[in-house]
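*Asks:* sharing a sequence plus its predicted fold:
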Amino acid sequence: MISKPAALGTGHAPDALQERNPPRATVPGANAPQSPELSPQELVHAPKRASWSWVGWLILIALATAAWTYRLTWLPWIAPLLPVGNTAPSKPAARVIPVATATVRQRDMALYLNGLGTATAFKTVTVRSRVEGELLKVHFTEGQMVREGDVLAEIDSRAFEVQRDQAEGQLARDEATLKVAKLTLDR
């Protein structure tokens, strides 16, 4: 079961306030304030008006500080944007953009395209030499078209000349030996 307070249930709010704050008797001509006699319950529930006064002053000081800070920091930045005096804001002046003109004429235009990619040949050939040796000259450039029988490179021939000379010497010796053998046979 919920019970309602008497002041709310009866609808006599002024009576409840009168119980809390009884009327004070004043003597005409008396300048000294009289202290009301309050019961202990009224002392506990008495409003604290003194504590709210310092909060009000604190809020007022905070607002004044905020207004002063706004004036010092933001007003110099916004002042050039605000109209001066009581003049009505005028339309901003249109910006003049310089434009260069030229006559139209027909001519070739160089077109350069830069790109990344890979090139793959349609046909590839592996070229091998018959002999090994040091390359002296290369007679083609990479990507150049070549035909069968074209000289592609020159190899150092000194080692082959030495082998040829040795083979010719061996041949001459063998021919001489053959001649001697034929003469011996004829005898």
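*Replies:* Good, I have the coordinates. Residues are numbered from 1 along each chain as shown.

*Asks:* what ranges does this structure have for its strands?
*Replies:* According to DSSP state E, the chain carries its strands in the segments 135-138, 153-155.

*Asks:* just the mean pLDDT for the helix ranked longest in the chain, thanks.
*Replies:* Determined from DSSP state H, the single longest helix within the chain is helix 158-186. The average pLDDT within helix 158-186 is 94.

*Asks:* go on, stretch 111-120?
*Replies:* Computed over stretch 111-120, the mean pLDDT rounds to 89.

*Asks:* start and end of it, how far apart?
*Replies:* Its first and final residues considered, stretch 111-120 spans 24 Å by Cα to Cα, to the nearest Å.

*Asks:* looking at the strands of the chain, which is closest to Leu60?
*Replies:* Of all the strands of the chain, it is strand 135-138 that lies closest to Leu60, at 95.4 Å by Cβ to Cβ. C-beta: built from backbone N, CA, C; applies to glycine.

*Asks:* can you give me the buried ones in that closest one?
*Replies:* Buried residues in strand 135-138, counting neighbours by 16 or more other Cβ atoms under 10 Å, are absent.

*Asks:* name the helices or strands packed onto that strand?
*Replies:* Packing partners of strand 135-138 (3 or more Cβ pairs under 8 Å, 6 or more residues apart in numbering; DSSP states H and E): strand 153-155.

*Asks:* sheet partners, orientation included, of the strand it packs on?
*Replies:* Strand 153-155 has the following strand partners under DSSP bridges: strand 135-138 (antiparallel).

*Asks:* on that earlier part again, TSV for the strands of the chain, including mean pLDDT?
*Replies:* Below are the strands of the chain laid out as TSV (pLDDT from 0 to 100):
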stretch	mean pLDDT
strand 135-138	91
strand 153-155	89
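
*Asks:* would you list those strands in CSV and tack on distance to Ala66?
*Replies:* Shown next, in CSV, are the strands of the chain (distance: least, Cβ to Cβ, whole Å):
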stretch, distance to Ala66
strand 135-138, 85
strand 153-155, 89
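
*Asks:* to Val96, which of those lies closest?
*Replies:* Of the strands of the chain, nearest to Val96 by Cβ to Cβ is strand 135-138, at 64.9 Å.

*Asks:* ok, for Leu135, nearest residue in space, not its chain neighbours?
*Replies:* The shortest distance from Leu135 to any non-neighbouring residue, by Cβ to Cβ, 6 or more residues apart in numbering, is to Ala153 (5.5 Å).
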